[in-house]
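J.: Sharing a sequence plus its predicted fold:
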Amino acid sequence: MRRLLWLTAAALLVAGCSTSPGHEAAAEDQPDPHPLGGALRYTAAESAALHRAEEREVRKCMADRGFGYSVVPVGDTRGTTAASPYGLLTRSQAAQNGYGLTVQRLREPPADPNAQRLSALSERDRRAWEEALKGTADGPREEIELQDGPTVSIPTDACVYVARKALYGTSWDRNYYTLQHLRGSIVKDTLDHALVKAAERKWATCMRDEGFRYQGRKDPLKAVKKRLDSARSDRAALRATGKEELRIAVRDAACQAEVGLAEQIARAQKRVEKALPQAGTSMLKDFRGARQAALKRARAR
């Protein structure tokens, strides 16, 4: 039943609204700003290639420790790879998928290819298998202290860690988490910038002119999520929510374009990044190099 609902919602969101090819092309010309030059952004193809390569390394590590392991297949990464860190929405995205909330809610979780293997093990053997994969509670760890943030603790006896190290190199985790934290700070400071705040006030006025009384850009998503929670598994209610999601998202995207929100975010991000210290330049260069080397290895297999 859940699968039927997912197919219904997916068909609704794909076919429910469309724009002309010329209009879509024009809408896609707007800026799509990402912090740090998009260093932490991957295409769907890149994500898939790296995932498969990492899973192969995990399987090898598990085999070296005497455990069987079935690689986890690549999931649907299209939504996550296309998502803007600033919540920007193009007209074509809105028309085809809304915010992606209805489809995401109804999507079947991927089956665990190792579930059957684990169910056949004793409790002791299952614990040993999981510790080999994820690391032991009292085993060695790498502690990564993030500036003005938390400390990330990574078990280095885990096969998932060994796999990342084999694919990306020894400094990957430290560079990744540090840059991820910096990325979050850039996004926050950009959204707090006066240029963006002014554009968002114009966006709220634009939405209000169409009958949507939202105070902030997160409000439409909250409204859709609330309706999805109320709909539960009611097919008619889910279909109605999907239609409403499309209607809101299409107007949201139109208002973003009308007030030039993407352009203002791009300008603000540039100013925020310009004020950053240059200390992280070397780390960013190392990260890009490790990423490209990993992609090259992943594609060669």
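T.: The structure has been received and is ready for your questions. This is a predicted model, so every value here is computed, not measured.
J.: Next, report how far stretch 192-209 is displaced from the centre of its chain.
T.: With CA atoms, centre = their mean, to the nearest Å as the basis, stretch 192-209 stands 25 Å off its chain's centre.
J.: Give the buried residues for that stretch.
T.: Under the neighbour-count criterion of 16 or more other CB atoms under 10 Å, stretch 192-209 has 193, 195, 196, 199, 200, 202, 203, 204, 206, 207 buried. Where you see a C-beta, it was placed from the backbone N, CA and C, and this is true even at glycine.
J.: How about stretch 82-97?
T.: Of the residues in stretch 82-97, those buried by neighbour count under the rule 16+ other CB under 10 Å are 84-97.
J.: Show me which pair in these is furthest apart.
T.: Of all pairs drawn from those, the widest gap by CB to CB lies between 85 and 95 and measures 21.6 Å.
J.: Residue 113 touches residue 70, doesn't it?
T.: Yes: under the contact definition of CB atoms under 8 Å, residue 113 touches residue 70, with a separation of 3.9 Å.
J.: what are the phi and psi values for residue 143?
T.: With angles defined as degrees, to the nearest 10, residue 143 shows backbone torsions of phi -100, psi 120.
J.: Distance check, it against residue 157.
T.: From residue 143 across to residue 157, the span is 14 Å (CB to CB, to the nearest Å).
J.: So those two - more neighbours on which side?
T.: For residue 143 versus residue 157, neighbours defined as other CB atoms under 10 Å are more numerous around residue 157 (16 against 9).
J.: Would you agree that one falls within a helix?
T.: No: assignment of residue 157 by DSSP: H, G, I helix; E, B strand; the rest coil gives coil, placing it outside any helix.
J.: OK, contacts around it?
T.: By CB atoms under 8 Å, 6 or more residues apart in numbering, the contact list for residue 157 reads 135, 136, 139, 140.
J.: what's the burial count for residue 228?
T.: Counted with other CB under 10 Å, residue 228 comes out at 19.
J.: gap between it and residue 213?
T.: In this view, residue 228 and residue 213 are 20 Å apart by CB to CB.
J.: before we move on, what about residue 293?
T.: Applying CB to CB to residue 293 and residue 213 gives a distance of 51 Å.
J.: what about the two, which has more around it?
T.: Set residue 293 next to residue 213 and count neighbours by other CB under 10 Å: residue 293 wins out with 13 against 9.
J.: Convert the stretch of helix or strand that one belongs to to PDB, retaining C-alpha atoms only.
T.: Counting by DSSP states H and E, the secondary-structure element that holds residue 293 is helix 281-300. Output for helix 281-300, consisting of C-alpha atoms alone and laid out as PDB, is shown next (Å, rounded to 0.1, in the frame of the first residue of the first chain):
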ATOM      1  CA  THR A 281      43.300  28.000   1.900                       C
ATOM      2  CA  SER A 282      45.900  25.100   2.100                       C
ATOM      3  CA  MET A 283      43.300  22.800   3.700                       C
ATOM      4  CA  LEU A 284      40.800  23.500   0.900                       C
ATOM      5  CA  LYS A 285      43.500  22.800  -1.700                       C
ATOM      6  CA  ASP A 286      44.300  19.500   0.000                       C
ATOM      7  CA  PHE A 287      40.700  18.600   0.200                       C
ATOM      8  CA  ARG A 288      40.000  19.300  -3.500                       C
ATOM      9  CA  GLY A 289      43.100  17.300  -4.400                       C
ATOM     10  CA  ALA A 290      42.000  14.300  -2.300                       C
ATOM     11  CA  ARG A 291      38.500  14.500  -3.700                       C
ATOM     12  CA  GLN A 292      39.700  14.500  -7.300                       C
ATOM     13  CA  ALA A 293      42.100  11.600  -6.700                       C
ATOM     14  CA  ALA A 294      39.300   9.600  -5.000                       C
ATOM     15  CA  LEU A 295      37.000  10.200  -8.000                       C
ATOM     16  CA  LYS A 296      39.700   9.200 -10.400                       C
ATOM     17  CA  ARG A 297      40.200   5.900  -8.500                       C
ATOM     18  CA  ALA A 298      36.500   5.300  -8.200                       C
ATOM     19  CA  ARG A 299      35.900   5.700 -11.900                       C
ATOM     20  CA  ALA A 300      38.800   3.500 -12.800                       C
END
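J.: now it, how far from the centre of its chain.
T.: Mean C-alpha position of helix 281-300 versus that of the full chain (CA atoms, centre = their mean) differs by 20 Å.
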